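Novice: Sequence and predicted structure below; questions after.
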Amino acid sequence: MDKVELLGRRRFVEGLALTTGLAALGASRTRAAAPLAMLRGDRIDLAIGPTPVDFTGRARIATAVNGLVPGPILRLREGDTVTLNVTNRLDEPTSIHWHGILLPNPMDGVPGLTFRGIMPGETFTYRFPVRQAGTYWYHSHSGMQEQTGLYGPLILEPRGREPYSYQRDHVVMLSDWTDEDPMTVLSNLKQQSDYYNYNQRTLGTFAKDARRDGLGATIDDRLMWGKMRMSPTDLMDVSGATYTFLMNGQPPARNWTGLFTPGEKVRLRFINGASMTTFDVRIPGLTMTVVQADGSDVEPVEIEEFRIGVAETYDVIVTPRQDACTIFAQAQDRSGYARGTLAVREGLAAPIPPMDPRPLRTMADMGMNHDMKSTPAVDKGGMDMGGMDMSKMTPEEHKHHMTMMAPPSHDAMSHGAKPGDNIPTSNADGIDPGTLAGQAGVDNVAMQTRDRLGEAGIGLDGNGRRNLTYRDLEARRPHRRSLPPTRALEFHLTGNMERFLWGFDGKKFSQAGPIRVALGERIRFVLINDTMMEHPIHLHGYLFEIENGRGDRLPLKHTVNVKPAERMSFVFTADVPGHWAFHCHLLYHMEAGMFRTVLVA
Amino acid sequence: MTRRCTAALAALALAALSVPARAQTHEAAPFGMPVMDRHVFYHALLDELEGRFGSDQSFRWEGEAWGGTDENRFWLKSEGTLTNGLLDDGRQELFFSRAVSTYFDAQIGARYDLDSRPGRGWVAFGVEGLAPLFFHVAATGYVGGDGRLAARLEGSYDLLLTQRLILQPRLEMNFYSQDDPIREVGAGLSDLEAGLRLRYEITRKVAPYIGVSYEGKYGRTADFARAAGDPTDAVRFVVGLRLWL
Ligand SMILES: [Cu+2]
């Protein structure tokens, strides 16, 4: 890439040149350390409307709550019955969904499933008792409004004492912003699915790999991926080529700053409110103690870095030792980062670390029968981590995969996180997974799925830092009702990257019926990821228990980021009736049809 | 006739697909669609918009546009070469296409040869998609009047030299079952066009390019060309712009 382009990108990605001309756009956006607005109480009025913003040096119109992106922090109290009046000042329908909140179905805010949506000029009143405490968030469930700014933090304050202490509390909401119309982004992906991938393999990377691994091995590798018509550089569908990554609504150059007094324990409530971006978060020089995942308390885990999938939340406690530390959240594909600072006063900054090497997908991510003990491959000049490179498969291994491409009985061959019980299991859409291969919406069926809950994920495992995994999560208290489920439903997460089609079991939302679950039924959902991408799968209305081997202290979550070729499961008790959305939280995957209704009746 | 046939087929296919889906959707979403997975998208790609310079000069375009859902799309394809005020190789096609497998679409439609020569209409059917190793390929068969048959094969490949500098080899061949003197095509392989274009993607949608193009006429087609005093093959330097919307 030439210099001119780099400079142009930097200005765009980091949002430089933003200090001028912002006064006209609302005072709260102009100061570097602008705190997020906060509303508290049991009666809150919100207005959704178009609001001018400037994240990149170009003026755009966002969809904002009370004129703010992110929307105000809402602090509600556990045990209160809250009333939230949401007025629509847009010229299109809107909605707010309270993400991860246990509430009656009509209050869930999903147009199509629980109501018609909030029409222009209308006010919809959400009213529900707050039955939980912790860090959550809210966002629009209408069209692309989440991408254009309609999201905000939702903090539920506990009635009782929390089992950890801290003196300072900051929300850190991560998100992604594009100056393009999100419908244009989706349309571009339909025409050319690698539209935003400017880190593809080229003649240059071929030459470099050939020097490192030999010409024959490099040709074999290219043939293998080429035969599958897939790219190992496919890490995220939408990248920093269009995105500017935000921390509490601030691009990197504007450096959101959270203040603390030396010696204080600081609670950071990380929320991934992005549309498409998985972030890897760390604070160089500091150990983080994870105390909550998706709003529920977990046994404290000491880590140095964690991956946060779209729609997940993690609460960590840190004790900064310097006057300033950088909160660094790099996108999974290393196409950019969000950044802020913890500081004893405004105007301080700490060094920003370089982004990590860009990882490559491997044959293991394709669910190929393979030895798994290697370090992930890395595609980066000067950073030679070769030798254990799984993407360099021998032609024999590849042939083996190709002959297995037409699976006779998929399920017989998959193993992994399959609990030892023998409860009746069926495909959620009533399909035979053996028929998936070759369909227009399915470009791969994983031959070998496995338990990946103990892995931090691509680009993290083996990077020398202590990373959080789902295996580390253990609920703080045992569950009262940790009965075994009576039935299991299997979902294959499927897609066709080339056509940009996404679904469950080879079907989009409009091609499938509802998933029926009996009221009161204790049920297991098994997720089998046949695609080469991570999917943050979210179930509305419930907190489910991830079956990660923690006995009666399985961690509760509302969103689980399922890795490629992973087979994992969770259990929940379907005790609230209604039409509950169940979907991939990558916005463009969801809109493409990776969505189901779970009908509890 | 051919056009009516295509439209009827398309309507039938769309109707057959949407009826059962609707009842299911209502049960899953009593208040309407929660996502836009049946959204209709439109795109137009002008692959070649170029001047060709050799012993003579010509202007050439080749492009396609589509509109539709993930599964069902209408396609318009158009190409032609303008040399000294005469339009040659003017192929205009309309297809209904359906995603039939992971990487391939089946197409049915019509072609009309519209240029300075007398026109011909064809019923067309074909497959188009991504072959292993990322070769974009299309094969189309045609049935015309008087029992005429024709076929057309196309292939191209994008070789990334850098993230934005892309070398594209491209090959196109036409076959006919019968001589057609008024259009100066002969039976068998009639013509072959091979190109090598180097484009720079300023953005994905705007890419100027340079390249070379070879056009050759074979068999009876070459005889027709010789009789008319035209060359049977030519290598030209090309300069153009690749655009999509
Ligand atoms: Cu997804």
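Specialist: That came through, no problem.

Novice: going forward, measure contacts between C-alpha atoms and count neighbours the same way
Specialist: Will do.

Novice: any low-confidence regions in the chain?
Specialist: All of this refers to chain A. Low-confidence segments of chain A, defined by pLDDT under 70: A:1-35, A:369-420, A:481-482.

Novice: ah, I was thinking of chain B
Specialist: Residue ranges of chain B with pLDDT under 70: B:1-23.

Novice: Leaving out the residues flanking it, which one is nearest to the residue nearest the centre of it?
Specialist: Nearest to the geometric centre of chain B sits residue B:77, at 5.0 Å (Cα atoms, centre = their mean). Among residues not flanking residue B:77 along the chain, residue B:64 sits closest, at 4.2 Å (Cα to Cα, 6 or more residues apart in numbering or on different chains).

Novice: helices or strands next to the one helix or strand that neighbour maps to in the packing?
Specialist: Secondary structure from DSSP states H and E places residue B:64 in strand B:57-68. Contacts defined by 3 or more Cα pairs under 8 Å, 6 or more residues apart in numbering or on different chains; DSSP states H and E place strand B:57-68 against strand B:41-53, strand B:72-83.

Novice: So for residue A:318, which of those sits nearest?
Specialist: Proximity to residue A:318 (Cα to Cα) singles out strand B:41-53 among the helices and strands packed on strand B:57-68, at 47.7 Å.

Novice: Chain A: helices as residue ranges?
Specialist: Remark: helices assigned in chain A by DSSP state H are A:3-14, A:182-191, A:203-213, A:215-228, A:395-403, A:410-413, A:587-592.

Novice: Same question for chain B.
Specialist: All helices of chain B, identified by DSSP H, fall at B:2-28, B:219-227.

Novice: Would you mind measuring from residue A:250 to residue A:207?
Specialist: 39 Å (Cα to Cα, to the nearest Å).

Novice: Which one of those two is surrounded by more residues?
Specialist: More neighbours surround residue A:250 than the other of residue A:250 and residue A:207, with 30 against 14 (other Cα atoms under 10 Å in any protein chain shown).

Novice: Up against chain B, what does the stretch 1-150 of chain A have?
Specialist: Counting by Cα under 8 Å from any Cα of the partner chain, the positions of the stretch 1-150 of chain A adjacent to chain B are A:1, A:110-116, A:142-143.

Novice: okay, the residues you listed in CSV with neighbour count next?
Specialist: Putting the residues of the stretch 1-150 of chain A next to chain B into CSV (neighbours: other Cα atoms under 10 Å in any protein chain shown) gives the following:
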residue, neighbour count
A:1, 10
A:110, 27
A:111, 26
A:112, 22
A:113, 27
A:114, 22
A:115, 18
A:116, 19
A:142, 23
A:143, 21
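
Novice: which among those residues gets closest to residue A:297?
Specialist: Closest approach to residue A:297 among the residues of the stretch 1-150 of chain A next to chain B (Cα to Cα): residue A:110, at 27.0 Å.

Novice: can I assume the closest one is in contact with residue A:94?
Specialist: No: contact criterion Cα atoms under 8 Å: residue A:110 and residue A:94 do not qualify, at 9.6 Å.

Novice: so what's in contact with these two at the same time?
Specialist: The contact sets of residue A:110 and residue A:94 overlap at A:117, A:141-142 (Cα atoms under 8 Å, 6 or more residues apart in numbering or on different chains).

Novice: Would you pull up the residue in chain A closest to the ion?
Specialist: residue A:535 (4.1 Å; Cα to the ion).

Novice: Tell me how many other residues surround that residue.
Specialist: So residue A:535, with other Cα under 10 Å, has 25 neighbours.

Novice: rewinding a little: so who does the residue nearest to residue B:77 touch?
Specialist: B:44-47, B:75-78.

Novice: what about 10 Å?
Specialist: For residue B:64, the contact set (Cα atoms under 10 Å, 6 or more residues apart in numbering or on different chains) comprises B:43-47, B:75-79, B:92-94, B:244.

Novice: Check residue A:282 too.
Specialist: In this structure, residue A:282 makes contact with A:288, A:303-307, A:326-330, A:465, A:467, judged by Cα under 10 Å, 6+ apart.

Novice: Scan these and report the most crowded one.
Specialist: The most crowded member of those, judged by other Cα under 10 Å, is residue A:329 (28 neighbours).

Novice: who's the nearest residue to that one once chain neighbours are set aside bridged to?
Specialist: Among residues not flanking residue A:329 along the chain, residue A:281 sits closest, at 4.3 Å (Cα to Cα, 6+ apart). Taking DSSP bridges as the rule, residue A:281 bridges to residue A:306, residue A:329.

Novice: Is it correct that residue A:281 is in contact with residue A:338?
Specialist: Yes: contact criterion Cα atoms under 10 Å: residue A:281 and residue A:338 qualify, at 9.2 Å.

Novice: between those two, who's got more neighbours?
Specialist: Set residue A:281 next to residue A:338 and count neighbours by other Cα under 10 Å: residue A:338 wins out with 30 against 22.

Novice: give the contact list for that one.
Specialist: For residue A:338, the contact set (Cα under 10 Å, 6+ apart) comprises A:13-14, A:173-176, A:244-253, A:255-256, A:279-281, A:327-331.

Novice: One more: residue B:205?
Specialist: A:188, A:195, B:45-46, B:242-245.

Novice: Can you tell me which residues in chain A are near the ion?
Specialist: Within chain A, the residues that sit near the ion (Cα under 5 Å from the ion) are A:535, A:584, A:589.

Novice: before we move on, the earlier item: which residues are in contact with each of residue A:281 and residue A:338?
Specialist: Residues touching both residue A:281 and residue A:338 (Cα under 10 Å, 6+ apart) are A:327-331.

Novice: Between these, which sits nearest residue A:472?
Specialist: Of all the shared contacts of residue A:281 and residue A:338, residue A:472 sits closest to residue A:329, with 20.6 Å by Cα to Cα.

Novice: Can you pull the residues of the stretch 151-300 of chain A lying near chain B?
Specialist: Residues of the stretch 151-300 of chain A found near chain B (Cα under 10 Å from any Cα of the partner chain) are A:183-184, A:186-188, A:190-192, A:194-206, A:222-230.

Novice: residue contacts, the closest residue to residue A:153 other than its chain neighbours?
Specialist: Leaving aside its sequence neighbours, residue A:153 sits nearest to residue A:137 (Cα to Cα, 6+ apart; 4.2 Å). If you count contacts by Cα under 10 Å, 6+ apart, residue A:137 has them with A:71, A:73-74, A:97-101, A:151-156, A:173, A:271-273, A:294-295, A:311-313.
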